[in-house]
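J.: What follows is a protein structure lacking sequence information:
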């Protein structure tokens with residue numbers, strides 16, 4: 001029998017608490033901050049909000065995509081140490097590109113099957129500090145030879161297997177599912193407006209921690225810290241939500257001449273970090289944010305990578321015994337508008353339950369951290385509207401999809 005993806009079910013796992021920094025536009029106030037220090041900020045915050053002694057943490061899992069500081073190899077370890085976790089507690093780096101935040105929670109839940117009681121999961125991304133890189137000049141430069149430096153942030157969007165960038169894969173889906181430029185722009189316009197309205201309504205206030213200039217001390221070791229750019233003294237809200245119109249989006253030029261994707265209907269590029277504390281439901285002494293019930297991850301064709309959430313959600317539902325109609329809210333990462341619409345069409349998804357507070361088109365997509373944001377946003381919606389189940393999902397560059405099933409622990413029938 002052919003295996004389709006990987007499914008994991010969790011019987012005794014909760015997310016105690018979760019928090020994130022504001023998502024700040026490329027080149028903005030967070031642009032000079034190492035992702036390690038952003039990770040430390042949210043790691044400390046989530047432990048404080050949960051009322052948990054950092055010394056009670058048994059494991060640290062952390063993820064970041066780009067090597068955005070010279071000490072990038074140390075990201076998981078330094079996040080743990082400077083968050084106050086015991087020196088004897090190990091730290092592990094995790095990477096599944098856009099689904100890294102989901103993978104952190106999955107691996108944290110898996111560790112709880114063994115000896116761990118509490119796992120600190122942190123994802124941090126500085127898109128602004130992606131380097132201008134050279135990989136072929138270790139031995140120096142030959143006289144008259146070509147010197148090749150490239151923008152890592154731009155080049156990372158290209159998949160050499162199908163010979164396509166991520167935008168082109170969304171354009172492929174638009175052609176496959178018959179999505180017009182107008183339909184894609186209309187979805188993007190609605191998403192931008194939903195995000196702006198959600199911000200005005202204070203929808204994310206409870207999950208955001210203000211980031212200011214500060215020092216992180218660690219007894220016996222060199223201090224680390226945050227120094228904001230652009231003379232900012234503090235950052236307390238997402239910077240990208242803004243008003244737009246369908247006419248304004250329609251005026252933008254498509255990235256590819258025969259495509260539908262533009263800068264306005266693709267995710268914004270931002271910096272940010274998020275953290276969650278995962279533990280056993282049986283040991284929970286205070287209301288938890290969410291129960292983590294199951295995860296599913298699948299592979300899809302790289303040239304249609306954006307469809308990944310559809311088979312991941314299908315697998316999640318099939319193995320958990322639920323129907324899509326049982327799911328009160330769905331959060332699908334908005335890498336590109338055409339990609340989300342293709343998933344909606346493939347699943348015949350009720351769009352009134354999808355990304356009701358907007359998504360990455362209006363907020364931005366700091367790669368590793370987005371999955372954690374989707375889950376905490378979803379969990380708070382379930383709690384606010386007394387809904388039982390929610391699914392968060394994302395496509396993954398290279399051709400994967402991942403989805404998580406969570407339950408509202410305070411649900412009342």
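T.: Arrived safely. The structure displayed is predicted, hence computed values, not measured ones.
J.: which residues of this structure score low on pLDDT?
T.: Residues of the chain meeting the criterion pLDDT under 70: 1-2.
J.: what sits up against the longest helix along it?
T.: As assigned by DSSP state H, the longest helix anywhere in the chain is helix 181-200. Identification of contacts with helix 181-200 by C-beta atoms under 8 Å, 6 or more residues apart in numbering yields 174, 204, 237-238, 240-246, 249-250, 254, 260-262, 264-265, 334, 337-338, 340-341, 355-359, 361-363. No exception for glycine: its C-beta is placed from N, CA and C like everyone else's.
J.: So among these, which ones count as buried?
T.: For the contacts of helix 181-200, a burial check counting by 16 or more other C-beta atoms under 10 Å picks out 174, 204, 238, 240-241, 244, 249, 254, 260-262, 264-265, 334, 337-338, 340-341, 355-359, 361-363.
J.: Among those, which lie within helices?
T.: 174, 249, 337, 338, 340, 341, 361, 362, 363.
J.: so how far is residue 206 from the last one?
T.: The span separating residue 363 from residue 206 equals 16 Å under the rule C-beta to C-beta, to the nearest Å.
J.: Next one: residue 258 relative to residue 70, how far apart?
T.: In terms of C-beta to C-beta, residue 258 sits 41 Å off from residue 70.
J.: same thing with residue 312?
T.: Counting by C-beta to C-beta, the gap from residue 312 to residue 70 is 35 Å.
J.: Compare the two and say which is more crowded by neighbours.
T.: More crowded of residue 312 and residue 70, by other C-beta atoms under 10 Å: residue 312, with 32 against 9.
J.: Assumed the more buried one was part of a strand.
T.: No. Counting by DSSP: H, G, I helix; E, B strand; the rest coil, residue 312 is not found in a strand; it is helix.
J.: I'd say it and residue 404 touch.
T.: No. Taking contacts as C-beta atoms under 8 Å, residue 312 lies outside contact range of residue 404: 9.3 Å.
J.: hey, what's in contact with both of those two?
T.: residue 393.
J.: quick one, phi/psi of residue 105?
T.: Note on residue 105: its backbone torsions stand at phi -70, psi -40 [degrees, to the nearest 10].
J.: Can you tell me how far it is from residue 356?
T.: 22 Å.
J.: what sits up against stretch 234-248?
T.: 21-25, 28-30, 185-186, 189, 192-193, 195-196, 198-199, 204, 208, 210-213, 228, 264, 268, 270, 358, 362-364.
J.: please redo it, this time with the cut-off set to 7 Å
T.: 22-25, 28-30, 185-186, 189, 192, 195-196, 199, 204, 208, 210-212, 228, 264, 268, 270, 362-364 (C-beta atoms under 7 Å, 6 or more residues apart in numbering).
J.: Kindly report the same for stretch 296-306.
T.: 4-7, 159, 161-162, 164, 169-170, 172-173, 307-308, 311-312, 315-316, 335-336, 339, 342, 395-403.
J.: Drop anything exposed from the residues you listed.
T.: So, of the contacts of stretch 296-306, 5, 7, 159, 162, 164, 169-170, 172-173, 307-308, 311-312, 315-316, 335-336, 339, 342, 395-403 end up buried under the neighbour-count rule (16+ other C-beta under 10 Å).
J.: Just the ones of the residues you listed in helices?
T.: When DSSP H defines the helices, the subset of the buried ones among the contacts of stretch 296-306 inside them is 169, 170, 172, 173, 311, 312, 315, 316, 339, 342.
J.: gap between the first one and residue 267?
T.: Think residue 169. 13 Å.
J.: dump the residue contacts of residue 56.
T.: residue 118.
J.: at 8 Å what do you get?
T.: Neighbours of residue 56 in contact, by C-beta under 8 Å, 6+ apart: 117, 118.
J.: likewise residue 318?
T.: Residue 318 touches nothing, counting by C-beta under 8 Å, 6+ apart.
J.: Can I take it that residue 328 is in a helix?
T.: No. Using three-state DSSP, the assignment for residue 328 is strand, not a helix.
J.: Might one say that it is in contact with residue 383?
T.: No. In this structure, residue 328 is not within contact of residue 383 by C-beta under 8 Å, at 10.8 Å.
J.: if we can go back for a sec, and which of the ones in helices among the buried ones among the contacts of stretch 296-306 is nearest residue 370?
T.: Nearest to residue 370, judged by C-beta to C-beta, of these is residue 339 at 13.7 Å.
J.: Apart from its neighbours in sequence, what residue is nearest the closest one?
T.: Distances taken as C-beta to C-beta, 6 or more residues apart in numbering put residue 306 closest to residue 339, at 3.0 Å, once the chain neighbours are dropped.
J.: So what's the residue count around the one you found?
T.: The burial count for residue 306: 31, using other C-beta under 10 Å.
J.: roughly how far apart are it and residue 166?
T.: 8 Å.
J.: tally of neighbours for residue 202?
T.: 10.
J.: Ok, residue 22 next?
T.: Neighbour number of residue 22 under other C-beta under 10 Å is 25.
J.: Do I have it right that it meets residue 272?
T.: Yes. Under the criterion of C-beta under 8 Å, residue 22 makes contact with residue 272 at 6.7 Å.
J.: ok, the residue most central in space within the chain - contacts?
T.: Geometric centre of the chain, nearest residue: residue 370, 1.3 Å, by C-alpha atoms, centre = their mean. By C-beta under 8 Å, 6+ apart, residue 370 lies in contact with 98, 101, 333, 360, 394.
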